Every structure is written in structure tokens, then in C-alpha cells.
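Next come a sequence and a model predicted from it.
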Amino acid sequence: MKGFELNLNGKKFQATLENGIVSIILIKHDDLLSLDFRGLNTQNENYDEMIDWFQTELKMNDEIIIKIKDISQNSEPIKIQQKEKKTDKKK
């Protein structure tokens, strides 16, 4: 399945989701630079899973390579949070 492979200074992480969103976010806030590799799995009908595969502060001369690849197995997540889905109770 199509997904992302993130290579940061030679360390590789990869992820894809069949139902949901996968994102790699680069952040600059004042002098802080950071990177988040995360996703939102919407496959379960009762709850969503917010998944973090990798997070780090960046420093000068870090090398980031992102590839679109066929991913057969995700990297081990560092954090998973479940959030109950809101149900529409209108009738």
C-alpha cells in the first residue's frame, strides 16, 4: 500500500494506513525546529486512533529524505491514543 518512508540522518521510519491519514509535519516556531510523523486511523467504527511513529527536534544540517513507497509493514509506533467517535444522535 502507498505510504511514506522517512529517512532522518540515516534512521528510517515508514507508515501507511488503509483508512485514515498519514502526515509528516515540519515545524518552525521561533528558534525551535521539529518534525512529527503521525497518523489518524479511522478504520474502527467506534473510535479513531491517533498514532505517533516518530517525533524529534531538528538541528542545523539534519538531512531529511521522504519517499513515496509501497509499505508492507509500519514502523513501531511510539504512542497510540484512542478517541471515541462522536455519534450523531439527531433524529
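Cool, got the structure.

From now on I want contacts and neighbour counts done on CA atoms only, so please keep to that.
Noted.

wait, what's in contact with the closest residue to Leu17 other than its chain neighbours?
Beyond its immediate neighbours in the sequence, the residue positioned closest to Leu17 (CA to CA, 6 or more residues apart in numbering) is Asn41, lying 6.6 Å away. Asn41 is in contact with 17, 19-21, 48-51, counting by CA atoms under 8 Å, 6 or more residues apart in numbering.

try it again with 6 Å
Contacts here follow CA atoms under 6 Å, 6 or more residues apart in numbering; on that basis Asn41 touches 20, 48-49.

Neighbour-wise, give me the winner out of these.
Across the contacts of Asn41, the neighbour count under other CA atoms under 10 Å reaches its highest value at Glu49, namely 19 neighbours.

Hmm, that one is touching Gln82, no?
Yes - Glu49 is within contact range of Gln82, at 4.5 Å (criterion: CA atoms under 6 Å).

Helix or strand with the lowest mean pLDDT in the protein?
For the chain, counting by mean pLDDT, DSSP states H and E, strand 79-84 ranks last in confidence among helices and strands (a mean of 94).

Indicate each strand paired with that strand and its parallel or antiparallel sense.
strand 47-57 (antiparallel) (DSSP bridges).

Look up how far Leu26 lies from the nearest residue to Pro77 once chain neighbours are set aside.
Using CA to CA, 6+ apart and skipping residues adjacent in sequence, the residue nearest Pro77 is Trp53, 4.3 Å away. Trp53 sits 14 Å away from Leu26 when distances are taken as CA to CA, to the nearest Å.

tell me the centre residue of this protein?
Arg38 (1.6 Å; CA atoms, centre = their mean).

Quick check: the gap between that residue and Thr87.
25 Å.

Show me where this structure has its strands.
Applying DSSP state E to the chain gives strands spanning 2-8, 11-15, 20-29, 32-41, 47-57, 64-70, 79-84.

So what does Asn74 have for phi and psi?
phi -80, psi 150 (degrees, to the nearest 10).

That one: neighbour count?
Applying other CA under 10 Å, we find 15 other residues in the vicinity of Asn74.

Any figure for the gap between Phe54 and Thr42?
Plainly put, Phe54 is 19 Å away from Thr42 if you go by CA to CA.
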